[in-house]
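> Below is the sequence, then the predicted model.
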Amino acid sequence: MNRMFMLGAAALALTLGTGLAFAQNAAPARGPGFGGPGAHAPRSGLFQLKEMDTNDDKVVSKDEFIKHAEDRFAKMDLDGNGEVTLEEAKEAHEKMREEIREKRQDDCKTRCEGKGRGAKQPE
């Protein structure tokens, strides 16, 4: 049980640490509120809580929290040996950053199609 608690605490620390790292480099959000049109907000702690709430009851149970932590740990344990080294953590962090960067680019392309700058003009 103590090991499970430590695993959860470590995963939470990494999760929140990653969010803070993104927040330092993120452009200020634009548009009305979080996630509004043109917003480029990082994956905040609130977003992660929503992601953890798998049954949409607006409450994160201990089981949901632990499941999220275990999934996060598994993503970071690149060699699958049950331990995360500093090198694995760095590599996983960069991989997650790249995935987020690609998703933002895809979202931007989708929003920009047919609108203003960069839109395809009728022939």
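Received it, and whenever you're ready, just let me know what you need. Residues are numbered from 1 along each chain as shown.
> pLDDT on stretch 55-67, on average?
The pLDDT scores in stretch 55-67 average 92.
> I meant stretch 88-106, not that one.
When pLDDT is averaged over stretch 88-106, the result is 91.
> can you tell me which helix in this structure is longest?
Longest helix in the chain, counting residues (DSSP state H): helix 86-112.
> Figure out the helix or strand that Ser67 lives in.
One thing to correct before we go on: residue 67 is Lys, not Ser. Element membership for Lys67, per DSSP states H and E: helix 62-76.
> so what secondary structure elements neighbour that helix?
Secondary-structure packing of helix 62-76 (3 or more Cβ pairs under 8 Å, 6 or more residues apart in numbering; DSSP states H and E): helix 2-25, helix 45-52, helix 86-112. Every residue, glycine included, has its C-beta placed from N, CA and C.
> returning to that earlier point: buried ones in the longest helix of the chain?
For helix 86-112, the neighbour count (16 or more other Cβ atoms under 10 Å) marks 89, 92-93, 96 as buried.
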